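Novice: Any chance you can model this:
(one chain, ligands or ions: 2)
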Amino acid sequence: MHSFVQYTPTEIVFGKDAERETGRLVKKYGAARVLIVYGGGSVVKSGLLDTIKKELDAEGIQYDELGGVQPNPRVSLAREGVRKAAGLGADLILAVGGGSVIDTAKADAIGAANPETDIWEFWEGRQTVERSMPVGAVLTISAAGSEMSDSSVLTNEETGRKCGVSSDLNRPKFAVMNPELTYTLPKYQLACGIVDIYMHTLERYFTPVPGNRMTDEIAEGLLRTVIEYGRKAYADQTDYDAMSEIMWCGSLSHNGITGLGRPRDFANHKLGHELSAMFDETHGATLSAVWGSWARYVYRLDVPRFAHYGYAVWGIENKDEKEAALAAIEKTEEFFRSLHVATCIGELKTGVLPDETLRKLSQNATKGDTIRLGSFKELTAHDAYEIYKEANHG
Ligand code: NZQ
Ligand code: ZN
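Specialist: Numbers count the residues shown, from 1 in each chain. Ligands and ions are numbered 1, 2, ... in the order given. Next up, the predicted model:
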């Protein structure tokens, strides 16, 4: 087991009517002026935004708002949020929405705390985050795990790049999580969210560091829970228990706990981000589209590990290690298919891509073959190309 630091400072308030605690929490964290960030309108339609405003009014908290955050959130809107936060003299940024909204709120917090620096400098890695402002989240979709995570992912629409910045300063002070708020999700978003949750643990599970039993047990328990309750949630998204399990898995899958003591991989995320950056694809679907190809490309490096995944998560029996490894990959793809998400590039909205596009995606992902992706196998641009090529069918 490698040495590690576990830091999960986010206060979680979970359950029915949890959003009614928002005003109290904002006050608890010492804020008096809040920038509310939200998306394309679901929280307006559901009445959640009004509820939150009433909560803040009741505590005498001032606020301004930034609406219109899109999935694959754009840096330009985040910059507008920085200006609004400065104009208000905000002391907390409150996200009401999903990963895109929370990531924009995190960007606004960093931007407002560093007025001399354009925020994209942090996302390109040219500047390190040394200070930020407090962020709170009212979560409306179980997916990205941004409500507890240390990262924020933005897209620069001018350069076509999608990048993330990781810092413990990004971890929200609190997250309000009422599973009932997720009942109104479009089915496709629910499915993509379930895939993303699953992948956040899988990307920590396949690494070059053996052993680490406790972390494995946590990870395997989470994966089994996502499979069982993901199916139930997909069948009936008003099933409170199923939506609760998925919501809590979403936070635990990306707060660090399923990968303690070993390096993360996250190569699939890098490959997926390039598809989102170029084609504005939904994040979760980009992961399910490439994972099977990645797995078949790398599993020979550690067949016992893939076999163990099959035994522990999928209950595979009576097979030798190679058969179990391949069956586990197949079972994972079947699970994705049962949620009606893509398991190849041809099933994304882009359809099958020309070879030159695959080469460009591979170059973009590896910054012109100057960086390696992942840790289980450190992927070169050529490896990335081979994986995209393998996934490039209908
Ligand atoms: O914009 P509105 O109208 O609110 O609609 C949203 C959006 O269209 C809708 N939605 C959300 N909650 C709803 C709802 N519709 C009806 N009822 C509700 N209760 O769902 C759509 C998707 O929202 P989005 O916030 O984009 O979803 P998600 O949470 O999946 O976030 C995806 C983004 O997070 C990034 C992804 O790359 C992507 O940009 N990620 C962030 C991470 C992090 N910060 O730690 C880690 C992840 O790996 C991921 O990269
Ligand atoms: Zn993700």
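Novice: from here on, contacts and neighbour counts on C-alpha atoms
Specialist: Fine.
Novice: Name the residues of this structure found near ligand 1, please.
Specialist: Residues of the chain found near ligand 1 (Cα under 6 Å from any ligand atom) are 39-43, 70-73, 97-101, 103, 140-141, 143-146, 149, 151-153, 181-182, 184-186, 189, 193, 283.
Novice: hmm, 5 Å instead?
Specialist: Within the chain, the positions adjacent to ligand 1 are 39-42, 71-72, 98-100, 140-141, 143-144, 146, 149, 151-152, 182, 184-185 by Cα under 5 Å from any ligand atom.
Novice: So which of these are in helices?
Specialist: Using DSSP state H, the members of the residues of the chain next to ligand 1 that fall within helices are 42, 99-100.
Novice: In ChimeraX, how would I select just the buried ones from these?
Specialist: Under the burial definition 16 or more other Cα atoms under 10 Å, those of those that qualify are selected in ChimeraX by:
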select :99,100
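Novice: quick one, helices of the stretch 251-394 of the chain?
Specialist: Secondary structure of the stretch 251-394 of the chain, counting by DSSP state H, counting those that start in this stretch: helices at 267-279, 283-298, 303-314, 321-338, 355-365, 381-391.
Novice: Need the mean per-residue confidence for the helix of greatest length in the chain.
Specialist: Determined from DSSP H, the single longest helix within the chain is helix 213-235. Per-residue pLDDT over helix 213-235 has a mean of 98.
Novice: quick one, it and helix 303-314 angle?
Specialist: Angle of helix 213-235 versus helix 303-314, following axes from the mean of the first three to the mean of the last three Cα atoms, to 10 degrees, is 50 degrees.
Novice: Strands - which of the residues of the chain next to ligand 1 land there?
Specialist: 151-152 (DSSP state E).
Novice: Which members of the residues of the chain next to ligand 1 come out as buried by neighbour count?
Specialist: Here, 16+ other Cα under 10 Å leaves 39, 71-72, 98-100, 140-141, 143-144, 146, 149, 151-152, 182 buried among those.
Novice: Near Glu356, how many other residues are there?
Specialist: Neighbour count of Glu356, defined by other Cα atoms under 10 Å: 9.
Novice: and the gap between Ile371 and Asp302?
Specialist: Ile371 is 23 Å from Asp302, where distance means Cα to Cα, to the nearest Å.
Novice: Just to check, Leu181 is in contact with Thr140?
Specialist: Yes - in this structure, Leu181 is within contact of Thr140 by Cα atoms under 8 Å, at 5.4 Å.
Novice: Next, count neighbours for Thr10.
Specialist: Neighbours around Thr10, by other Cα under 10 Å: 18.
Novice: correction: Val352
Specialist: Val352, neighbours per other Cα under 10 Å, totals 17.
Novice: repeat for Val153
Specialist: Residues near Val153, counting by other Cα under 10 Å, number 23.
Novice: Please tell me the pLDDT value assigned to the residue nearest the centre of the chain.
Specialist: Most central in the chain under Cα atoms, centre = their mean is Ala144, positioned 2.6 Å from the mean C-alpha point. Ala144 is assigned 98 on the pLDDT scale.
Novice: let's number from 181 now, not from 1
Specialist: With the count now opening at 181, the last piece we talked about shows up as Ala324.
Novice: Look up the closest residue to it, ignoring the ones flanking it.
Specialist: Gly279 (5.2 Å; Cα to Cα, 6 or more residues apart in numbering).
Novice: Next, find the distance separating the one you found from Ser329.
Specialist: In terms of Cα to Cα, Gly279 sits 10 Å off from Ser329.
Novice: shaky segments in this structure?
Specialist: Within the chain, no range satisfies pLDDT under 70.
Novice: Pop the domain breakdown of it in here.
Specialist: According to automatic domain parsing, the chain comprises the domains 191-361, 366-571.
Novice: Which of those domains sits closest to Val185?
Specialist: Nearest to Val185, of all the domains of the chain, is domain 366-571, at 8.2 Å by Cα to Cα.
Novice: State the distance from Ala504 to Asn448.
Specialist: On the measure of Cα to Cα, Ala504 and Asn448 end up 22 Å apart.
Novice: again with Ile299
Specialist: For Ile299 relative to Asn448 (Cα to Cα), the value is 25 Å.
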